[in-house]
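Asks: Could you look at this predicted model? Sequence included:
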Amino acid sequence: MRIILYILLLSVCYAETYNFCDSPSEEDFLSRDVGCSDYDADSFLFYVCDSIYNKIVQSASYSNHSYIVPSTTHLINWESYLANLNISSIEAGDTELNALGYERIVRDFNNDGNIYHILHESTSASDGDYTKGSGIFILNPNPQIDNSFIHVNHPHNDSNTIFVAAKIFREMGAKWLFIAGAHRNAVVDNSNYSSPYECANQCDDCSADIARTTCSVFQKFHENMSNNPLSRSISIHGFNMNTYLIEDVGTILSNGENIISIVNNSVYQIPTNFTKRIKNEIVNLNIWNDSNLSSYYNFSTMIVYEDVNTYADLYRYGATNNPQGQWTNSSEGRGDWLHLEMDYCLRKPDSCFGISDDDMYQDSIVTALSSAFTEPYVISIPADYIWFSKCT
């Protein structure tokens with residue numbers, strides 16, 4: 001069975017980035033508008049499907065729009081807006097927000113008084129699609145867990161991750177949900193720079209991939225909103241173990257690149273207590289006893305830092321090039337940033353096991369992640385390094 005799946009799902013999509021796409025057939029499906037009727041009974045998820053997923057800039061094969069790499073000046077103006085943002089009187093910044101080409105709308109999806117502020121591009125496109133790919137940012141002004149941030153870098157490329165993230169955001173009462181505004185392989189408009197070379201030089205990667213480029217509104221939101229020692233950001237991604245891994249593993253965790261630790265010889269950031277808690281919550285889920293999963297996975301989860309020396313191909317999912325992780329890890333006092341990879345069959349069990357409930361496994365992962373956010377904060381990063389170095 002694994003051999004057949006391996007042949008069917010084999011892909012060379014974007015291999016040089018070490019963060020690979022799902023199957024080619026799924027890529028075709030993801031690059032076109034999808035029906036949202038499965039979410040008719042859930043107004044928030046229906047909005048995420050119909051008004052976000054189906055409107056962001058799609059891949060080159062399916063979209064008339066491009067990802068416009070923001071100019072340095074535009075990003076500085078975003079920094080100014082975010083630095084002055086007062087959530088208790090957020091409407092006071094609407095004029096500045098509009099000048100940035102964005103709108104703020106307020107939605108009460110459950111009609112219970114709990115509102116979300118949704119910041120999205122202004123668009124005049126005849127199809128209502130977003131035309132710049134800058135991203136969608138959803139604020140819960142009354143979070144159950146403050147300083148909590150859910151990221152979706154690849155809403156089109158990694159199937160169902162946008163819905164996993166939306167569910168986590170809602171279930172745990174997170175403060176912010178950041179969603180990339182373009183397919184990672186969207187056509188790139190770099191006209192704000194003198195040449196592709198200047199764009200690449202300024203942005204590290206002149207692309208629409210939010211997990212690679214530093215020139216994005218998404219990056220500015222991360223840097224400005226999570227700049228405190230209590231912040232916890234989790235970036236939700238998808239992989240296909242049949243394509244690039246020897247190990248039969250359901251989820252993979254990494255804290256990204258080690259940048260400042262002097263007691264850690266690894267290229268990977270030492271896992272914090274938050275990461276350990278997530279691993280523990282995932283390992284103890286009942287889904288791994290399910291007849292489909294128990295025969296499919298040998299490991300429920302792995303942490304790249306802990307397991308890469310034994311299973312070398314895990315390096316592909318270490319997320320060392322992610323600019324959000326690099327920014328968090330490059331200085332003390334910026335909290336935690338965590339990269340989570342979910343296997344395709346956890347996100348799309350209908351395709352793997354022929355079952356009708358596409359949400360049954362991902363919903364359990366959502367519950368595990370939500371529970372992990374209750375772990376006490378880890379504030380002192382240097383102390384964390386020393387503690388782990390003594391215990392390993």
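Replies: Cool, got the structure.
Asks: Distance check, A180 against Y130.
Replies: Taking C-beta to C-beta, to the nearest Å as the measure, A180 falls 11 Å from Y130. For every residue, glycine as well, the C-beta is placed using N, CA and C.
Asks: Sorry, wrong one. I was asking about T214.
Replies: Counting by C-beta to C-beta, the gap from T214 to Y130 is 21 Å.
Asks: of those two, who's got more company?
Replies: Shown here are T214 and Y130; by other C-beta atoms under 10 Å, Y130 has more neighbours (21 against 17).
Asks: quick revisit: shared neighbours, A180 and Y130?
Replies: Counting by C-beta atoms under 8 Å, 6 or more residues apart in numbering, the common neighbours of A180 and Y130 are I56.
Asks: So G335 sits against S231, correct?
Replies: Yes - because the distance of 3.3 Å satisfies C-beta atoms under 8 Å, G335 is recorded as touching S231.
Asks: For A174, give me its contacts.
Replies: Residues counted as contacts of A174 (C-beta under 8 Å, 6+ apart) are 140, 143-145, 148-150, 168, 373.
Asks: Would you mind pulling the contact partners of stretch 113-125?
Replies: Contacts for stretch 113-125 (C-beta under 8 Å, 6+ apart): 44, 52, 55, 65, 90, 97-98, 101-109, 129-132, 134, 136-142, 181.
Asks: Go again with 7 Å.
Replies: 90, 97, 101-108, 129-132, 134, 136-142, 181 (C-beta atoms under 7 Å, 6 or more residues apart in numbering).
Asks: burial measure for S330, as a count.
Replies: Residues lying near S330 (other C-beta under 10 Å) number 11.
Asks: Counting neighbours, show which residues of stretch 215-231 come out buried.
Replies: For stretch 215-231, burial by neighbour count (16 or more other C-beta atoms under 10 Å) applies to 215-223, 225-227, 231.
Asks: which two in these are spaced the farthest apart?
Replies: Spatial extent of the buried residues of stretch 215-231 (C-beta to C-beta) is set by the pair C215 and S231 at 22.0 Å.
Asks: so where's the stretch 251-392 of the chain uncertain?
Replies: Low-confidence segments of the stretch 251-392 of the chain (pLDDT under 70): 375-392.
Asks: quick one, what contacts W288?
Replies: Listed by C-beta under 7 Å, 6+ apart, the contact set of W288 reads 294, 297, 300.
Asks: wait, I meant Y315
Replies: Contacts of Y315 (C-beta under 7 Å, 6+ apart): V308.
Asks: Could I have the CA atoms of stretch 126-144 written out in PDB?
Replies: The C-alpha trace of stretch 126-144 is given here as PDB (Å, rounded to 0.1, in the frame of the first residue of the first chain):
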ATOM      1  CA  SER A 126     -14.800  42.200 -10.800                       C
ATOM      2  CA  ASP A 127     -14.600  38.700  -9.300                       C
ATOM      3  CA  GLY A 128     -14.100  40.100  -5.800                       C
ATOM      4  CA  ASP A 129     -10.700  38.400  -5.500                       C
ATOM      5  CA  TYR A 130      -7.800  40.000  -3.700                       C
ATOM      6  CA  THR A 131      -5.300  41.300  -6.100                       C
ATOM      7  CA  LYS A 132      -2.100  42.000  -4.100                       C
ATOM      8  CA  GLY A 133      -1.800  38.900  -1.900                       C
ATOM      9  CA  SER A 134      -0.900  40.800   1.200                       C
ATOM     10  CA  GLY A 135      -2.800  38.600   3.600                       C
ATOM     11  CA  ILE A 136      -5.800  38.500   5.900                       C
ATOM     12  CA  PHE A 137      -5.500  39.200   9.600                       C
ATOM     13  CA  ILE A 138      -8.200  38.300  12.100                       C
ATOM     14  CA  LEU A 139      -8.200  39.800  15.600                       C
ATOM     15  CA  ASN A 140     -10.100  38.400  18.600                       C
ATOM     16  CA  PRO A 141     -10.300  41.600  20.800                       C
ATOM     17  CA  ASN A 142     -11.300  39.500  23.900                       C
ATOM     18  CA  PRO A 143      -9.000  36.400  23.700                       C
ATOM     19  CA  GLN A 144      -9.100  33.600  26.200                       C
END
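Asks: Buried residues, that stretch. List them.
Replies: 129-140, 143.
Asks: likewise stretch 198-214?
Replies: Residues 199-200, 202-203, 205-214 are the ones in stretch 198-214 that count as buried (16+ other C-beta under 10 Å).
Asks: try stretch 144-156
Replies: 147-156.
Asks: That stretch spans what distance, first to last residue?
Replies: 28 Å (C-alpha to C-alpha, to the nearest Å).
Asks: who touches it?
Replies: Counting contacts by C-beta under 7 Å, 6+ apart, the residues outside stretch 144-156 that touch it are 30-31, 53, 56, 58-59, 161-162, 165, 168-169, 172-180, 183-184, 210-211, 225-226, 228, 230-237, 324, 335, 373.
Asks: What average pLDDT does that stretch get?
Replies: Stretch 144-156 comes out with an average pLDDT of 96.
Asks: Quick check: the two most widely separated of the buried residues of stretch 126-144?
Replies: Pairwise distances across these (C-beta to C-beta) peak at 30.8 Å, for the pair T131 and P143.
Asks: Quickly note the distance from the residue sitting nearest the centre point of the chain to D108.
Replies: Nearest to the geometric centre of the chain sits V152, at 2.7 Å (C-alpha atoms, centre = their mean). From V152 across to D108, the span is 23 Å (C-beta to C-beta).
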